[in-house]
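**Student:** turn this into a model:
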Amino acid sequence: MQFDTKIAIVIRSDLEAWQKLNVAAFLASGIAAAFPGCIGEPYEDASSTNYHALIGQPILIYGADRAQLSRALERAIARGVKAAVYTEDMFTTTHDAANRAAVKAVARPDLNLVGIAFRAERKVVDKIADGLKFHA
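**Tutor:** Residues are numbered from 1 along each chain as shown. Okay, here's the model as predicted:
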């Protein structure tokens, strides 16, 4: 099945494995919160055990360095695509309000990005992610 939109997560390649997983999880939750229509139906197994619904389309995960992350964010903003962001400072905070304060304290060009996520029309996502490689 081909979707009209794509979801992309771009994660800085030099992070520890636990950091990459943490960032991907937080960024995916940002997409789910911003686009509740992308959530599919709940799951149920053959034993009638119920499970939570998931995002109902593939998520493309790219690796990037700091400059590539900044470039992708600027490309998204230039195309009117709102992104979810995760900065290195957020690894030292302990709650949501502190995360927001950490981002608010830094101008966009100076954000120490470790990950971004966005959802948009397929061709727009392709242009934003142009030159990025899938995360290894």
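**Student:** show me how far stretch 109-128 is from its chain's centre.
**Tutor:** Mean C-alpha position of stretch 109-128 versus that of the full chain (C-alpha atoms, centre = their mean, to the nearest Å) differs by 8 Å.
**Student:** quick one: buried residues of it?
**Tutor:** Neighbour counts over stretch 109-128 (16 or more other C-beta atoms under 10 Å) mark Leu111, Leu113, Val114, Gly115, Ile116, Ala117, Phe118, Arg119, Ala120, Val124, Val125, Ile128 as buried. Every residue, glycine included, has its C-beta placed from N, CA and C.
**Student:** how far away is Val125 from Glu44?
**Tutor:** Separation of Val125 from Glu44 (C-beta to C-beta, to the nearest Å): 31 Å.
**Student:** give the residue farthest from the middle of this protein.
**Tutor:** Taking C-alpha atoms, centre = their mean, the residue of the chain most remote from its mean C-alpha position is Ser47, at 33.4 Å.
**Student:** residues touching that residue, list them.
**Tutor:** Under the criterion of C-beta atoms under 8 Å, 6 or more residues apart in numbering, the contact list for Ser47 is empty.
**Student:** would it count as being in a helix?
**Tutor:** No. Looking at Ser47 with DSSP: H, G, I helix; E, B strand; the rest coil, it is coil, so not inside a helix.
**Student:** that'll do, ta.
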